[in-house]
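[1] Sequence and predicted structure are below.
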Amino acid sequence: PAQARLAHMRIVLHLNRIARNDQGEKHTFWTQLDSDLALRTGKPPMYKFVFARLILRKDKALWDGINTVDSIGEADCVLPTEPEIKEEMASYLCRQSGAGAAPTADPGEGMDLAEF
């Protein structure tokens with residue numbers, strides 16, 4: 001979970017940087033992060049688990065050692081949507097029941113649902 005938290009913070013920090021540079025907004029990174037976390041705090045463990053998996057995947061794709069802060073736009077940093085989270089939940093449950101193959105090299109694969 002710590003890796004997912006750091007990845008989440010990095011994405012929100014980058015979104016805040018874009019908003020402040022492009023639109024002159026005065027909201028701090030911490031205000032933005034607190035608002036986003038407040039929406040997710042009461043969610044069930046499975047929701048938090050798959051959100052973390054999606055965040056780790058996005059983080060790995062964004063910060064791949066080639067991209068730079070200037071080459072990653074706001075559209076690239078969109079946090080997982082509710083439909084994406086539901087789809088990931090269904091996919092994860094399907095794999096756990098043995099009905100589907102696990103994705104290869106998934107950055108969130110080593111996480112345990114019990115940690116959430």
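    Happy to help now that I have it.
[2] Kindly indicate whether the residue nearest to the spatial centre of the chain is helix, strand or coil.
    Nearest to the geometric centre of the chain sits residue 55, at 2.1 Å (Cα atoms, centre = their mean). Three-state call for residue 55 (DSSP: H, G, I helix; E, B strand; the rest coil): helix.
[3] give the contact list for it.
    4, 7, 8, 11, 79, 80 (Cβ atoms under 8 Å, 6 or more residues apart in numbering). All C-beta spots, glycine's among them, are computed from the backbone N, C-alpha and C.
[4] From residue 64, how far out is it?
    15 Å (Cβ to Cβ, to the nearest Å).
[5] pretty sure residue 52 contacts residue 2?
    No. Counting by Cβ atoms under 8 Å, residue 52 does not reach residue 2; the two are 9.9 Å apart.
[6] Neighbour count for the two, which is higher?
    More crowded of residue 52 and residue 2, by other Cβ atoms under 10 Å: residue 52, with 23 against 8.
[7] pLDDT score assigned to that one?
    Residue 52 carries a pLDDT value of 93.
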